[in-house]
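Q: Sequence and computational prediction follow.
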Amino acid sequence: MKNLFSLKKYFIKYKSKLLWGFVFILFSNAGMVYVPILLKDSINFLQQSVSKEKLIEYSILIVVTSLVAGIFRFLIRQTIIVVSREIEFDLRNDFWNHIQKLPLRFFQNNSTGNIMAHATNDINAVRSFIGPAVMYSIDTGIRILIVVFIMLSIDWSLTLLALLPLPLLSFAVYRIMKLIHEKYTKIQEKFSELTTRAQENYSGIRIIKSYVREENEISRWKELSKDYLNKNMNLVKVQALIMPILVMITGLSIIIVIWLGGMRVINNQISLGEITAFVVYLGILIWPVIAFGWVTNIIQQAEASMKRLNKIFREPYEIVDVSESSFNKNEIEGDIEFRNVSFRYNDNLPFVLKNINLKIPKGSTLAIIGHTGAGKTTLINLIPRLYDVTEGELLIDGYNVKDIPLDILRKSIGLVPQESFLFSDTIANNISYGLREIDFEKVVNVSRIAQLDKDVESFPNKYDTVVGERGITLSGGQKQRTSIARALAINPKILILDDSLSAVDTHTEEEILKNLKNFMKERTSIIISHRISTVKDADNIIVIKDGEIVEQGTHEELVALNGHYADLHYKQLLEKELEEIN
């Protein structure tokens, strides 16, 4: 239950509605327990004399009392159950807000399917605790107290004998619920695995079809589904024990009441109306006892789910604004400096960047060259604080990047990553994603700069064309150019292109770079590329190898140096000559 205590703040928020729900439970149960009293009085009256008027009176009283109890029962659901939905809404929003603020390393260590399982199954399980479990716990608790008190007032010894089997029921429920908790935890883990597999299949459907792996994926899915089914069936088998045990034990109580109570009626120790009311009260107790087992089951499942959710909620944000900052401007200008910067992803991993010292003046263009895994992407990810430096200092406009509010910092940086990600939306909406509202004129303008406008004009719906999930309806080059247009639309002070022209032909690349040169005047540009043709006009070019800057200078200076850059340059010239010959 310790994990469920974290819901306290939500209960406090809706305490007034919950209090009214508690009041409605009292009135509903008062009406429910009063019906057997009316039944007792009517039977005792009928034993003495038969009166049509009195019979109608008791009938009307029973109907009205039942109706009133029913109305309050409806109001219970309109308060407590509605509150459970409102808390579910708050919890889901809090979960979403928390996820949005978590660092990249969290998403690298957790699969999409697993996170989706938290947002669906786990939150729903917690909602069931907040609503039905809380409602029935209070409801059945109050009903048991009232009914037992009345039963004791009728015949205390018979009441104690009738309730004798209940400790056995508590022990049985405890053992069953312990098994249910263990099995439900395994089911949730398997569900996460299942959703992860489904998400990967949907996203990678083109790869699956290209390699003709449909049958393999179907077979693997059947195995996972079968395992998920077996785990659910194991849970169902345990849950199936609850009802027979509850009915059997409560049945023992009814047998005791009918046998011993009947003997007392024969011996005129209690009236027929009283034993009738006693049996009805025992019947009223059956549901609370059964509900006790059901509620315990819900609580066990909710505890397991809340434990998983709390694990996510305890994940630290890592990348946050400092409490006190000397930065007092509304935007950055774009002067960047790395001072002895080193970085590693975890304390137990080696350094990916080592002692980086680099100045990128405002309005200049820096190009980065290096083999795969050299640390190029890691270097540029430090600028918008997707990660924080491990050692050293990263400065922008002379301020430590940690002192610049994240909102100002990231709004000033247009980052185009290696893998172009587009939302399942229109081209216009994808391009204007970073804007508060769509500016169609700006959309068209940045599309022209990114050499995307001619392609879009050839589409039937032009800028209203829906690109599908991850931009599946566009070519690789079109997706890259859309991503570039999206970055340009926010008028960034710093533009970072992380190998984002790799799927574009050389002619289009030249046109884009020419347009960018005009657009990025007075702005800072950083370009990562494997093509010398892309970077040769940069103001400064650095070559990174094993996380260190091994060469630095202009194109001409690096060629003259006859090192790594020159070697790559000559290889690409040779490849181009061979292509022209062929």
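A: Here it is on my side, so go on. Residues are numbered from 1 along each chain as shown.
Q: residues contacting S305?
A: N121, D122, I123, A125, V126, Q188 (Cβ atoms under 8 Å, 6 or more residues apart in numbering). All C-beta spots, glycine's among them, are computed from the backbone N, C-alpha and C.
Q: Need the pLDDT of it.
A: Per-residue pLDDT puts S305 at 81.
Q: Past the helix or strand hosting it, which element shows up next along the chain?
A: When elements are assigned from DSSP states H and E, S305 belongs to helix 272-313. Following helix 272-313 in sequence order, the next helix or strand is strand 336-343 (DSSP H and E).
Q: returning to that earlier point: keep only those of the contacts of S305 that are in strands.
A: Among those, DSSP state E puts none in strands.
Q: which one of those residues sits closest to S432?
A: Among those, I123 lies closest to S432 (Cβ to Cβ), at 31.5 Å.
Q: Looks like the closest one contacts D90 (just checking).
A: No: with contact defined as Cβ atoms under 8 Å, I123 does not count as touching D90 (10.5 Å).
Q: And T524, how close does it get to I130?
A: 51 Å (Cβ to Cβ, to the nearest Å).
Q: In the stretch 401-550 of the chain, where is pLDDT below threshold?
A: 471 (pLDDT under 70).
Q: which residue ranges form the helices in it?
A: Secondary structure of the stretch 401-550 of the chain (DSSP state H, counting those that start in this stretch): helices located at 406-411, 427-431, 440-449, 453-457, 476-489, 506-519, 532-535.
Q: For those, give me a markdown table that also has distance to Q269 and mean neighbour count.
A: Converted to a markdown table, the helices of the stretch 401-550 of the chain look like this (distance: least, Cβ to Cβ, whole Å; neighbours: other Cβ atoms under 10 Å):
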| stretch | distance to Q269 | mean neighbour count |
| --- | --- | --- |
| helix 406-411 | 79 | 16 |
| helix 427-431 | 81 | 24 |
| helix 440-449 | 90 | 18 |
| helix 453-457 | 93 | 17 |
| helix 476-489 | 86 | 24 |
| helix 506-519 | 99 | 16 |
| helix 532-535 | 101 | 21 |
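Q: Now distance to F106 too, for those helices, in a markdown table please.
A: Below are these laid out as a markdown table (distance: least, Cβ to Cβ, whole Å):
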| stretch | distance to F106 |
| --- | --- |
| helix 406-411 | 16 |
| helix 427-431 | 25 |
| helix 440-449 | 32 |
| helix 453-457 | 36 |
| helix 476-489 | 23 |
| helix 506-519 | 33 |
| helix 532-535 | 33 |
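Q: and K222, which of these is closest to it?
A: Of these, nearest to K222 by Cβ to Cβ is helix 476-489, at 33.4 Å.
Q: Which neighbouring elements make contact with the closest one?
A: The contact analysis (3 or more Cβ pairs under 8 Å, 6 or more residues apart in numbering; DSSP states H and E) places helix 476-489 against strand 413-416, helix 427-431, helix 440-449, strand 494-498, helix 506-519.
Q: what about 7 Å?
A: Based on contacts counted as 3 or more Cβ pairs under 7 Å, 6 or more residues apart in numbering; DSSP states H and E, the elements that helix 476-489 packs against are strand 413-416, helix 427-431, helix 440-449.
Q: ok, how many other residues are close to K183?
A: 21 (other Cβ atoms under 10 Å).
Q: Sticking with it, tell me its helix or strand.
A: For K183, the host element (DSSP H and E) is helix 166-203.
Q: So for that helix, mean pLDDT?
A: Rounded mean pLDDT across helix 166-203 is 75.
Q: angle of it against helix 272-313?
A: 40 degrees (axes from the mean of the first three to the mean of the last three Cα atoms, to 10 degrees).
Q: and helix 166-203, how far out from the chain's middle?
A: 19 Å (Cα atoms, centre = their mean, to the nearest Å).
Q: And for stretch 280-298?
A: The answer for stretch 280-298 is 34 Å, by Cα atoms, centre = their mean.
Q: Need the residues that contact it.
A: When contacts are defined by Cβ atoms under 7 Å, 6 or more residues apart in numbering, stretch 280-298 is touched by residues 32, 36, 39, 128-129, 132-133, 136-137, 140, 143-144, 147, 150-151, 162, 169, 173, 177, 180, 239, 242, 246, 250, 253-254, 257.
Q: of these, buried ones?
A: 32, 36, 39, 128-129, 132-133, 136-137, 140, 143-144, 147, 150-151, 162, 169, 173, 177, 180, 239, 242, 246, 250, 253-254, 257 (16 or more other Cβ atoms under 10 Å).
Q: any idea which residue sits dead centre in the chain?
A: A119 (3.6 Å; Cα atoms, centre = their mean).
Q: Nearest to I336, out of the helices and strands packed on helix 476-489?
A: strand 413-416 (10.3 Å).
Q: So in that sheet, which strands flank the closest one, and in what orientation?
A: strand 494-498 (parallel) (DSSP bridges).
Q: and the partner strand with strand 336-343, angle?
A: Using the same axes, to 10 degrees: strand 494-498 against strand 336-343 is 40 degrees.
Q: Any regions of the stretch 101-250 of the chain where pLDDT drops low?
A: 113, 167, 170, 174, 203, 206, 210-211.
Q: mind listing the helices for it?
A: In the stretch 101-250 of the chain, the helices defined using DSSP H, counting those that start in this stretch lie at 104-109, 112-117, 123-128, 134-154, 156-162, 166-203, 205-210, 214-239, 242-266.
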